[in-house]
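# whatever this is, show me its structure:
(one chain, ligands or ions: 2)
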Amino acid sequence: MDQAISNQDMKEVDAKKIKELLNRRKGKMKRFLSYCAHCSLCAESCFLYMKYKKDPRYMPSYKVIHSLGTLYRKRGKVDRKCLNEIKGIVWRNCVLCGRCYCPIGIHVPSMIAFARAVLRSQDIHPQHNEASSESWL
Ligand code: SF4
Ligand code: SF4
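Ligands and ions are numbered 1, 2, ... in the order given. Next up, the predicted model:
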């Protein structure tokens, strides 16, 4: 088994720490999540969504709902498998370029960046051997 992967996978999830981080920005982030009208108007402003032939997994709203949204919905009680799925969304599927436009002012990059910070608190982030992918920024 790859050493880097095993180190990440062996660590216990510190749910208390995750919850503490989520609570720090709960007001703003939960407001953004609840305001999203799922209208998809942001979709075509994301170059990755367009690059990947409008695959819904690259829609900005999909990315926040299935990353930060999942963390709040589960109140931080997530396992490593769930965190690793979120890792793929917040690093591989979004580069924090800030090009996505939401008419009601939901700021997707700040939500994705916050989800990254939560994952980093659990030592989950792209490894050196994953850095070759253009979008693991
Ligand atoms: S983030 Fe904004 S534009 Fe995108 S689906 Fe939600 S409300 Fe619509
Ligand atoms: S910040 Fe992320 S979701 Fe928004 S346009 Fe850039 S890659 Fe797409």
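# burial check on Asn93, number of neighbours?
Taking other Cβ atoms under 10 Å as the neighbour definition, Asn93 ends up with a count of 22. All C-beta spots, glycine's among them, are computed from the backbone N, C-alpha and C.
# what of Glu12?
7.
# assign it to helix, strand or coil.
Taken by DSSP: H, G, I helix; E, B strand; the rest coil, the conformation at Glu12 corresponds to coil.
# do you know the pLDDT at the residue nearest to the spatial centre of the chain?
With the centre of the chain defined as its mean C-alpha position, the nearest residue by Cα atoms, centre = their mean is Val90, 3.4 Å away. As summarised for this prediction, Val90 has a pLDDT of 98.
# what does His128 give?
At His128, the predicted lDDT confidence score is 74.
# how much space is there between it and ligand 2?
To ligand 2, His128 is 22 Å away according to Cβ to the nearest ligand atom, to the nearest Å.
# so which bits of this protein are right by ligand 2?
For the chain, the residues in contact with ligand 2 under the definition Cβ under 6 Å from any ligand atom are 46, 48, 60, 63, 94-100, 108-109.
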